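1. how would this look folded up:
(one chain, ligands or ions: 1)
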Amino acid sequence: MDKYGVGQDPYCYAASSVLVNKLNISDESDLENAERDLTQVAAEAIEFCPPPYDFEFFKELHRQLFEDIYPWAGEVRIVDVSKGSTRFCTTSRIEPEARKIFSKLAEQRWFSGCTRDELIKNIAEFSGDLNILHPFREGNGRAMRLLCDFIVINAGYQVDWSPVDSALWLQASIDSVRCDYQAMQQVYSLCIGEELPV
Ligand SMILES: Nc1ncnc2c1ncn2[C@@H]1O[C@H](COP(=O)(O)OP(=O)(O)OP(=O)(O)O)[C@@H](O)[C@H]1O
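-> Residues are numbered from 1 along each chain as shown. The predicted structure follows:
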């Protein structure tokens, strides 16, 4: 059984929970380390750009982060996945649910013009919704935090994830599944800083 509990996962090497990767790494912790290092380098090379931030944009961010590691970088997953007791969006609903989430974001003008408090509240809910969508087989958290960097900067605020520890982020993600966004708001109140100079 692989870590997502889906039996033989077509994304993994046979009888293994290691994702097939371009580096031919078959050890899970080696892959984790390579993933971490390569996505860090990739993230540093990605430059801010203005909206629209739609689902295609999100897929493109994922592609840029993971293209050196996974052949399916930037593509919507074709297996259902779960973590803990959370079952993420079923594959057939990913595209329609993504359209709803990203249309709402566009209607809210990507939160530009919001006060810091409004931004925290709105982006916490958006993050919770996007986490439940979980459109990629792996790398959802990293792609999502990068997209949220763009949203915060476009809204005119500094962003720094270093005060947010992984335990708070995880709890915030779990709570948001039942529409409790308090911990996610705490996350964003820690990482959204001062207004950027105009
Ligand atoms: N039980 C759970 N319920 C809801 N969300 C969860 C649960 N466990 C983990 N998550 C969320 O799933 C995300 C991890 O998804 P995935 O492994 O695709 O992304 P990642 O980029 O590899 O992870 P990370 O955020 O740890 O860097 C985490 O960011 C976390 O927010």
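
2. might you report the residue contacts of whatever residue of the chain ends up closest to the ligand?
-> Here the residue of the chain nearest the ligand is Gly141; by C-beta to the nearest ligand atom that distance is 1.9 Å. All C-beta spots, glycine's among them, are computed from the backbone N, C-alpha and C. For Gly141, the contacting residues are 131, 169, 173, by C-beta atoms under 8 Å, 6 or more residues apart in numbering.

3. run through who's touching the helix or strand where the last one lies.
-> To tie it back to what came earlier, the one meant is Ser173. In the assignment (DSSP states H and E), Ser173 maps to helix 166-177. Identification of contacts with helix 166-177 by C-beta under 8 Å, 6+ apart yields 84, 86, 124-125, 127-129, 131-132, 141, 181-184, 186-187, 190.

4. selection in ChimeraX covering whichever of these are buried, please.
-> Entered in ChimeraX, the line below selects the buried ones among the contacts of helix 166-177, by 16 or more other C-beta atoms under 10 Å:
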select :124,125,127,128,129,131,132,141,181,183,184,186,187,190
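
5. rewinding a little: in the helix holding Ser173, which residues are buried?
-> The neighbour-count criterion (16+ other C-beta under 10 Å) identifies 169, 171-174, 176-177 as the buried residues of helix 166-177.

6. what are the boundaries of the helices in this protein?
-> Along the chain, the stretches classed as helices by DSSP state H are 28-45, 55-66, 91-107, 116-133, 140-154, 166-177, 182-191.

7. tell me what angle the fourth one forms with helix 166-177.
-> Calculated by axes from the mean of the first three to the mean of the last three C-alpha atoms, to 10 degrees, helix 116-133 forms an angle of 80 degrees with helix 166-177.

8. how many other residues sit next to the closest residue to Phe58 other than its chain neighbours?
-> Distances taken as C-beta to C-beta, 6 or more residues apart in numbering put Leu147 closest to Phe58, at 5.5 Å, once the chain neighbours are dropped. Counted with other C-beta atoms under 10 Å, the neighbours of Leu147 add up to 19.

9. wait, Leu65 sits on Gln40?
-> No - between Leu65 and Gln40 there is no contact under C-beta atoms under 8 Å: 9.5 Å.

10. out of those two, which sits in the more crowded spot?
-> Each of Leu65 and Gln40 has its neighbours counted (other C-beta under 10 Å); Leu65 has more, 26 against 11.
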